[in-house]
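[1] Pasting the sequence and the predicted coordinates here, then a few questions.
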Amino acid sequence: MKAQSPAEGILKSNEWGLAMAYEVACTCHDSDHNHNVWIEAEDDGEITVVIYTTTMSPFWSLSRWRQMWQLLTKGYVKSEVAISMTQQQALNYAETLKQSIKDIKTLQAKKNGNS
């Protein structure tokens, strides 16, 4: 199995200079489960990968009052995140991360005059 281009389940949503943004779709087709992945160059030259997602509390096991009590007494409420990917999509995800890091490093070198 090889990575695809265009890739199943991976959408390049934008690119800004030394940053790229992707949306990784959950196979359940619920957009609340999608992950937004940003790969970007920091000022110190490091490449960072940030994953944004919608978290949900286990509402079926706790009442809202109990969740508020946990927040007040513990300072946090447990939440969960899930994404389901096919084997092909997971391979595409990994390859997208590798290629984006490579592309940003190339752009960084050009910006710094190290072509």
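    All right, it came through fine.
[2] what's the next secondary structure element after the worst-scoring helix or strand of the chain on mean pLDDT?
    The weakest-scoring helix or strand in the chain, judged by mean pLDDT, DSSP states H and E, is helix 64-74 (a mean of 84). Heading C-terminal from helix 64-74, the first helix or strand you meet, by DSSP states H and E, is helix 87-111.
[3] Let me see the residues that make contact with that next one.
    The contact list for helix 87-111, computed with C-beta atoms under 8 Å, 6 or more residues apart in numbering, reads 1-4, 7-10, 12, 17-20, 22, 24-25, 27, 37, 39-41, 45, 47, 49, 85, 115. C-beta here means a position set from N, CA and C on the backbone, and glycine is covered the same way.
[4] Helix, strand, or coil at the closest residue to residue 12 other than its chain neighbours?
    The spatial neighbour of residue 12 that comes closest, neighbours along the chain excluded (C-beta to C-beta, 6 or more residues apart in numbering), is residue 22 at 5.5 Å. Following DSSP: H, G, I helix; E, B strand; the rest coil, the label given to residue 22 is strand.
[5] 268 is where my numbering starts, stick with that
    Understood, numbering begins at 268; the last thing we discussed is residue 289.
[6] Could you give the bridge partners of residue 289?
    Beta-bridge partners for residue 289, by DSSP bridges, are residue 279, residue 304.
[7] any idea how far residue 302 is from it?
    Separation of residue 289 from residue 302 (C-beta to C-beta, to the nearest Å): 8 Å.
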